[in-house]
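Peer 1: sequence plus the predicted model coming up.
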Amino acid sequence: MEIHKTMVLIGSRSFIVAAGASTAASFIGVYGVLLGASPIEMGFLQALANSISNGAQILFGRISDASGLRKPWIIGASAMLAVLWFSLSYVTGPLELILIYSVISLSSAMITVNWFALLTDLTGHGNRGSFMARISNLSSIGNMITLIILTFFLKGDEKSLLIIPFTLASISYVLSAIIVSLLKESKKRSIFRKSFIENVKDVKKHGDFYRYLRAMMFQGFFWSMAWPIFPITVIAVRNFTLPMIAVLTVVNITATIIIQIYTGRTSDRGNRVPLIFINRLLLGGIPFMYAFFVSFYEFIFIEVYSGVLSGIQNVVMNSYLMDLLPDENRAEYISIMNGFNGIVYFFGSVSGGELLEYLIGFIPLHMAVEYSFIIIGTGRIITSFLFINLNDPGRNKRTPLLNILFRLNNAGLPSGSIIRQR
């Protein structure tokens with residue numbers, strides 16, 4: 001009975017936070033454009049959100065393990081996020097948005113590592129995989145339901161309308177704190193064999209992981225260059241409304257869920273490296289689509305295309321990564337991956353904003369967007385070839401919980417939203 005209650009509480013929290021905060025995050029990039037953010041400011045919005053979210057997980061993970069408690073951190077961060085999301089509705093300019101969303105990213109990182117550590121403590125090995133799959137699906141369903149409902153409330157492109165999803169995000173974290181307080185937790189203190197710096201120095205000894213990390217970092221630069229330009233394209237160039245953005249996001253999520261169901265059944269069969277390479281190569285085509293597609297229906301195709309490839313990416317690449325991680329410190333190596341990705345994403349997002357700002361000085365916005373996406377798409381395709389020389393270890397070391405913790409950013413969300421709220 002106690003186990004059933006725990007599972008219900010975990011599932012309820014995941015659904016509520018996804019329905020509130022994850023949905024609100026879908027409009028952050030759009031909100032920046034509506035506030036009049038320049039390409040450079042959009043670059044810093046995306047850059048700081050990613051670098052803080054990824055980098056802070058390293059610090060909070062070690063602090064949480066050292067304290068042996070998860071609930072106080074989750075409850076405290078949830079209270080902070082409730083206030084921050086509500087205050088987001090009242091910002092008056094891009095700089096305020098960048099500041100507040102950076103603090104939101106920091107608080108979200110605190111929740112991310114502690115929430116999944118708590119799930120590890122509360123779920124057993126025997127049923128963890130199937131349970132985490134259900135939790136992931138519940139989160140996606142909650143996200144979709146709210147987005148669909150919002151299409152009827154977000155009429156036009158007035159930024160004041162975004163008080164609705166931001167208020168829902170605030171409420172979701174109030175409920176999150178209450179639900180987490182009902183969970184039972186026993187104190188567990190970890191013993192660190194090596195410092196984080198020592199583990200970073202040891203990365204080269206794990207050749208397969210090092211090659212994968214290097215490929216991800218090089219392509220990650222061009223990956224993140226596009227993030228500040230996505231929302232500028234759909235709002236300032238294509239003139240899509242908020243309900244249209246919501247529909248595009250729902251299409252992307254739906255396609256991702258469907259393909260994950262089918263890909264998950266076959267991802268462990270055969271060599272995954274060719275599939276990884278083809279996936280990264282095809283994802284490189286998305287910037288070219290953003291450059292030349294014009295109509296709303298063409299953008300629906302982009303989101304189906306992106307969703308399908310992102311679903312394959314989530315299943316195949318994450319399971320591949322799990323096979324590369326050393327048994328004795330998997331979580332630490334995921335922190336290393338997230339940390340280095342955060343650094344690369346910072347410079348990539350800033351560079352994308354700087355590139356667009358530079359081109360606008362010479363040519364109209366729509367042409368500057370086209371040229372920017374051509375450069376970014378070319379970089380993505382070239383760096384895709386770094387994945388050809390990967391080696392598939394083929395070991396049966398699947399860890400569904402860590403698979404969900406390290407979730408790659410979607411390739412083409414129209415909002416430019418990139419933080420996955422916990």
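Peer 2: Cool, the structure landed. In this text, all values refer to a predicted model and were calculated from it rather than measured experimentally.

Peer 1: and the helices in the stretch 251-400 of the chain, which stretches?
Peer 2: All helices of the stretch 251-400 of the chain, identified by DSSP state H, counting those that start in this stretch, fall at 273-283, 286-292, 296-312, 318-324, 330-360, 365-384, 400-405.

Peer 1: buried sites along the first one?
Peer 2: For helix 273-283, burial by neighbour count (16 or more other C-beta atoms under 10 Å) applies to 273, 275, 276, 277, 279, 280, 281, 282, 283. In short, each C-beta sits where N, CA and C put it, glycine included.

Peer 1: now do the contacts for the first one.
Peer 2: Contacts of residue 273 were listed using C-beta atoms under 8 Å, 6 or more residues apart in numbering, and they are 320, 387, 388, 390, 391, 392.

Peer 1: what's the farthest-apart pair in those?
Peer 2: Spatial extent of the contacts of residue 273 (C-beta to C-beta) is set by the pair 320 and 388 at 13.9 Å.

Peer 1: neighbour count: those two, which is higher?
Peer 2: Shown here are residue 320 and residue 388; by other C-beta atoms under 10 Å, residue 320 has more neighbours (19 against 13).

Peer 1: for this structure, what helix or strand is lowest in average pLDDT?
Peer 2: Ranked by mean pLDDT, DSSP states H and E, the helix or strand of the chain with the weakest confidence is helix 400-405, at a mean of 45.

Peer 1: ok, back up a step: adding distance to residue 251, write the buried residues of helix 273-283 out as JSON lines.
Peer 2: What follows is the buried residues of helix 273-283, written out as JSON lines (distance: C-beta to C-beta, whole Å):
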{"residue": "273", "distance to residue 251": "30"}
{"residue": "275", "distance to residue 251": "23"}
{"residue": "276", "distance to residue 251": "24"}
{"residue": "277", "distance to residue 251": "26"}
{"residue": "279", "distance to residue 251": "19"}
{"residue": "280", "distance to residue 251": "22"}
{"residue": "281", "distance to residue 251": "23"}
{"residue": "282", "distance to residue 251": "18"}
{"residue": "283", "distance to residue 251": "17"}
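
Peer 1: enumerate the positions of the one helix or strand residue 111 maps to that are buried.
Peer 2: Here residue 111, judged by DSSP states H and E, is contained in helix 94-122. By neighbour count on 16+ other C-beta under 10 Å, the buried set for helix 94-122 is 94, 97-98, 100-120, 122.

Peer 1: low-confidence regions, the chain specifically.
Peer 2: 1-3, 120-121, 123-133, 156-157, 187-199, 263-270, 318-319, 322, 325-332, 394-422 (pLDDT under 70).

Peer 1: residues making contact with stretch 203-220?
Peer 2: 280, 320-321, 324-326, 333, 336-337, 340-341, 344-345, 348, 380, 383-384, 386-387, 389-391, 393.

Peer 1: report the distance from it to the chain centre.
Peer 2: Taking C-alpha atoms, centre = their mean, to the nearest Å, one finds stretch 203-220 lying 20 Å from the centre of the chain it belongs to.

Peer 1: now do stretch 65-78
Peer 2: Centroid separation for stretch 65-78 versus its chain: 22 Å, with C-alpha atoms, centre = their mean.

Peer 1: pull out the buried positions in that stretch.
Peer 2: Neighbour-count burial for stretch 65-78 flags 65, 69, 70, 71, 73, 74, 75, 77, 78 (criterion: 16+ other C-beta under 10 Å).

Peer 1: ok, stretch 144-159 next?
Peer 2: 144, 146, 147, 150, 151, 154, 157, 159.

Peer 1: now, which of the residues you listed sits nearest residue 186?
Peer 2: Nearest member of the buried residues of stretch 144-159 to residue 186, counting by C-beta to C-beta, is residue 146, at 34.1 Å.

Peer 1: and the closest one, what element?
Peer 2: Per DSSP H and E: residue 146 is located in helix 128-150.

Peer 1: quick one: name whatever helix or strand follows that helix.
Peer 2: Using DSSP H and E, the helix or strand that follows helix 128-150 towards the C-terminus is helix 163-181.

Peer 1: what angle separates that next one from helix 128-150?
Peer 2: On the basis of axes from the mean of the first three to the mean of the last three C-alpha atoms, to 10 degrees, helix 163-181 is oriented at 150 degrees to helix 128-150.

Peer 1: ok, now how distant is the nearest residue to residue 55 once chain neighbours are set aside from residue 354?
Peer 2: Distances taken as C-beta to C-beta, 6 or more residues apart in numbering place residue 342 nearest to residue 55, at 4.4 Å, with adjacent residues excluded. As judged by C-beta to C-beta, to the nearest Å, residue 342 and residue 354 stand 19 Å apart.
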